[in-house]
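Asker: what's the 3D shape of this:
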Amino acid sequence: MNLDAFQFDLPERLIALRPADPQDSARLLVVHGDGRLEDAHVRDLPRYLAPGDVLVFNDTRVLPAALKGVRPARDAVGADVACDVNLVERVDDHTWQALARPGKRLKPGDTIRFAEGFHAVITQRFEGGEIELAFSQSGAALERALDAHGAMPLPPYIARRRPADAADRDTYQTAFAGEDAASVAAPTAGLHFTPRLLSELDAAGLRRETVRLHVGLGTFKPLEEAQIEANRLHAEWRR
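Answerer: Residues are numbered from 1 along each chain as shown. Next comes the predicted model:
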């Protein structure tokens, strides 16, 4: 199978920049066993399921992993460089792999300053274009710094049309997210489940189970080979 088979035109005017309000009012396409299609809404889900059915939710929590910083000039005649950084995979308590722009102007040994007392040093560059950052904080202190200075990592097709803002802290986090903030993108299907809908699912006798799959670099990386079978997808980590 070739990637060309998946090419199609999607007008930007049809891409929502904000979620439906309330989020369980998003549209749902129901495909019946006989092939019949029906338009519905996510809030209608209980009527299509039977008592005893099991829904499995990913309760990962999204980290405010989008950062803006500055790489100071390397010499007296140089200029500071504004940087956009998206964390994509945690290496240890103070080290992350990240995607950064402008990537070609960032080198190992450079420091990126995000706020007073909050910075990171580039320790490696990888063939795929990612960099490794060693932060000035670690553990819980780093999580607090990211919470204070980071923004929610919106999907690229939204981020290129508007910046992240305070509202995204709520709408880009599931209602059932756990305490461990490690995902760098939301499990987006879960965003449609409001507390009201979850209560209605419980009342209808539907069972809920959870897994924790932290969404990482693979969600940002396009397939690089024309033949789909030749691609190797990135691994992600789970609890």
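
Asker: Run through this structure and note the low-pLDDT ranges.
Answerer: For the chain, applying pLDDT under 70 flags the ranges 220-239.

Asker: Would you give the sheet partners of the lengthiest strand in it, along with the direction of each?
Answerer: Criterion DSSP state E: the longest strand present in the chain is strand 81-92. Looking at strand 81-92 with DSSP bridges, its partner strands are strand 66-71 (antiparallel), strand 95-101 (antiparallel).

Asker: dump the residue contacts of His192.
Answerer: 20, 23-24, 26, 42 (CB atoms under 8 Å, 6 or more residues apart in numbering). To be clear about C-beta, it is placed using only N, CA and C from the backbone, and glycine gets the same treatment.

Asker: out of the residues you listed, which are buried?
Answerer: Buried subset of these (neighbour count, 16 or more other CB atoms under 10 Å): 23-24, 26, 42.

Asker: Where does the record place the domain boundaries for this structure?
Answerer: By the assignment in the TED database, the chain contains the domains 20-28+40-62+165-238, 66-151.

Asker: Tell me which of those domains lies nearest to Tyr157.
Answerer: Of all those, domain 20-28+40-62+165-238 sits nearest to Tyr157, with 11.6 Å by CB to CB.

Asker: In this protein, what residue spans correspond to strands?
Answerer: Counting by DSSP E, the chain has strands at residues 27-31, 37-41, 54-58, 61-62, 66-71, 81-92, 95-101, 111-115, 118-125, 131-135, 181-183, 207-211, 213-214, 237-238.

Asker: Distance to Arg196 added to those strands, as TSV?
Answerer: What follows is these, written out as TSV (distance: least, CB to CB, whole Å):
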stretch	distance to Arg196
strand 27-31	15
strand 37-41	13
strand 54-58	15
strand 61-62	21
strand 66-71	30
strand 81-92	32
strand 95-101	36
strand 111-115	38
strand 118-125	38
strand 131-135	39
strand 181-183	24
strand 207-211	15
strand 213-214	25
strand 237-238	28
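
Asker: Pipe these into CSV and attach distance to Arg47 and mean neighbour count per row.
Answerer: Below are the strands of the chain laid out as CSV (distance: least, CB to CB, whole Å; neighbours: other CB atoms under 10 Å):
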stretch, distance to Arg47, mean neighbour count
strand 27-31, 10, 11
strand 37-41, 8, 11
strand 54-58, 14, 14
strand 61-62, 30, 20
strand 66-71, 38, 20
strand 81-92, 39, 18
strand 95-101, 42, 20
strand 111-115, 48, 18
strand 118-125, 49, 18
strand 131-135, 48, 21
strand 181-183, 31, 21
strand 207-211, 17, 12
strand 213-214, 28, 18
strand 237-238, 32, 12
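
Asker: Looking at those, spot the one closest to Asp9.
Answerer: Among the strands of the chain, strand 27-31 sits nearest to Asp9 (CB to CB), with 19.6 Å.

Asker: Specify the angle between the closest one and strand 37-41 in degrees.
Answerer: Counting by axes from the mean of the first three to the mean of the last three CA atoms, to 10 degrees, strand 27-31 lies at 150 degrees to strand 37-41.

Asker: name the helices or strands packed onto strand 27-31?
Answerer: strand 37-41 (3 or more CB pairs under 8 Å, 6 or more residues apart in numbering; DSSP states H and E).

Asker: How far away from the center of its chain is the strand it packs on?
Answerer: 27 Å (CA atoms, centre = their mean, to the nearest Å).

Asker: Would you mind pulling the contact partners of that strand?
Answerer: By CB under 8 Å, 6+ apart, strand 37-41 touches 24-32, 48.

Asker: any idea how far Ile131 is from the most centrally placed residue in the chain?
Answerer: Nearest residue to the geometric centre of the chain (CA atoms, centre = their mean): Ala185, 1.0 Å. Applying CB to CB, to the nearest Å, the value for Ala185 to Ile131 is 18 Å.

Asker: Great, nothing more from me.
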